[in-house]
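*Asks:* Dropping a prediction and its sequence here:
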Amino acid sequence: MKKVSINDIRKLKGSGQPFATVTAYDYTSARIVDNAGIPLILVGDSAAMVVLGYDTTLPVTMDEMLMLTAAVCRGTKRALVIADLPFMSYQASISDALHSAGKFIKKAGASGVKLEGGKRVCPQIRSLVDHGIPVMGHIGLTPQSYHQFSGYTIQGKTVEAARQLLTHAIEVAEAGAFALVLEGIPAEVAKLISEKITIPTIGIGAGPHCDGQIQVFHDILGLFGDFVPKHTKRFVNLTDQISTAIKSFINDVQSNDFPAKEHSAHVKPSVISEILLEKE
Ligand code: KIV
């Protein structure tokens, strides 16, 4: 099975058909997503919230993200796996960005990294790409700026803010990013950006005109109820289905219906009689 490459993702721009992308954080979910035909998997730092139970994405560490990314890579045969650089693992310097990104490639097996920010992180993007590390950009409602934005607030709503977003998008593309996540921005602004830049845009809460769409695994499967973003569509409610299954398990154990004969190994009655005789 041929692995999806950065060039394959680049070619999805303007293919006439939007592509779907999703996050994954462990071996089992990565296998499911990969087998379903998703071309690109993001090990998002949203893991901080949906896997580790933090209120924001800020506390997740390099070690935690590396462990999750390695598990996703082990479960993925075809899709391109991109790892999110956690908060403050790349912002302070190019050197930080290189060291952090290098670990995701070398230790965890990712094919590239994602980082948040526009013009400010272009020196990091340029250097990573120069050193052979593919980068996915991310602008708009960037969750690592939660405090600066005073919450998860839609970005790019005024003429000036939209113009700035377009400038950031162009600069991130020119710095060498192979794709750009547009999060939490008006659909019309995302359309404008998608038309103006040459790399694929991947929207989340950014309307239907992006080249691709990304969603958080737990959101589209109804696994995460703490916070349901407006941009999400639940394609199934796994929380209810899992809860029903777990209740059936509890009932079957309590009623002695599980385990049944076929769920255990068995020996001939003579084996036990022999042991009992030895004891006498
Ligand atoms: O962390 C994440 O999951 C993300 C995507 C939703 C874009 O950044």
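*Replies:* That came through, no problem. Numbers count the residues shown, from 1 in each chain.
*Asks:* What are the boundaries of the helices in the chain?
*Replies:* 6-11, 27-35, 47-50, 62-75, 94-106, 122-130, 159-175, 187-196, 217-220, 238-254, 269-279 (DSSP state H).
*Asks:* show me what contacts Thr69?
*Replies:* Residues in contact with Thr69 (Cβ atoms under 8 Å, 6 or more residues apart in numbering) are Val43, Val81, Ala83, Phe104, Ala108, Gly109, Ala110. Every residue, glycine included, has its C-beta placed from N, CA and C.
*Asks:* so Ile154 makes contact with Leu141?
*Replies:* Yes. With contact defined as Cβ atoms under 8 Å, Ile154 and Leu141 form a contacting pair (6.3 Å).
*Asks:* quick one, which of those two is more surrounded?
*Replies:* Per other Cβ atoms under 10 Å, whichever of Ile154 and Leu141 has more neighbours is Leu141, with 24 against 18.
*Asks:* Find the nearest non-adjacent residue to that one, please.
*Replies:* Gly184 (2.7 Å; Cβ to Cβ, 6 or more residues apart in numbering).
*Asks:* starting at the chain centroid, how far to the helix or strand of the chain with the lowest mean pLDDT?
*Replies:* When each helix and strand of the chain is scored by mean pLDDT, DSSP states H and E, helix 269-279 comes last, with a mean of 92. What separates the centre of helix 269-279 from the centre of its chain is 56 Å, taken as Cα atoms, centre = their mean, to the nearest Å.
*Asks:* before we move on, what about stretch 23-31?
*Replies:* 9 Å.
*Asks:* Figure out the length between the terminal residues of it.
*Replies:* 12 Å (Cα to Cα, to the nearest Å).
*Asks:* State the distance from the closest residue to Thr153 other than its chain neighbours to Val181.
*Replies:* Leaving aside its sequence neighbours, Thr153 sits nearest to Leu141 (Cβ to Cβ, 6+ apart; 6.8 Å). In this view, Leu141 and Val181 are 10 Å apart by Cβ to Cβ, to the nearest Å.
*Asks:* What of Tyr146?
*Replies:* In terms of Cβ to Cβ, Tyr146 sits 16 Å off from Val181.
*Asks:* Looking at these two, which is more packed in?
*Replies:* The neighbour count for Tyr146 versus Val181, taken as other Cβ under 10 Å, is higher for Val181 (27 against 17).
*Asks:* what's the closest non-adjacent residue to that one?
*Replies:* His138 (4.1 Å).
*Asks:* Please list all residues in contact with the one you found.
*Replies:* Each residue near His138 by Cβ under 8 Å, 6+ apart is listed here: Lys114, Leu115, Glu116, Gly117, Leu180, Val181, Glu183.
*Asks:* Find the residues that touch each one of Ile154 and Leu141.
*Replies:* Joint contacts of Ile154 and Leu141 (Cβ under 8 Å, 6+ apart) are Gly184, Ile185, Gly205.
*Asks:* any idea which of those residues is closest to His231?
*Replies:* Distance to His231 across the shared contacts of Ile154 and Leu141 (Cβ to Cβ) is lowest for Gly205, with 3.3 Å.
*Asks:* With the flanking residues excluded, which residue is spatially nearest to the closest one?
*Replies:* His231 (3.3 Å).
*Asks:* Now do the contacts for that neighbour.
*Replies:* Neighbours of His231 in contact, by Cβ under 8 Å, 6+ apart: Gly184, Ile204, Gly205, Ala206, Gln215.
*Asks:* can you tell me how far it sits from Gly203?
*Replies:* 9 Å.
*Asks:* In the protein, what residue comes closest to the ligand?
*Replies:* Gly44 (2.2 Å; Cβ to the nearest ligand atom).
*Asks:* Report how many residues lie close to that residue.
*Replies:* Gly44, neighbours per other Cβ under 10 Å, totals 29.
*Asks:* thought it was touching Asp84?
*Replies:* Yes. Using Cβ under 8 Å, Gly44 makes contact with Asp84 at a distance of 5.0 Å.
*Asks:* Next, show the common contact partners of those two.
*Replies:* Lys114.
*Asks:* Just name the closest of the contacts of Thr69 to Ser89, please.
*Replies:* Distances from Ser89 to the contacts of Thr69, taken by Cβ to Cβ, are shortest for Phe104, at 9.6 Å.
*Asks:* Please list all residues in contact with that closest one.
*Replies:* Met65, Leu66, Thr69, Ala83, Leu85, Ala110, Val113.
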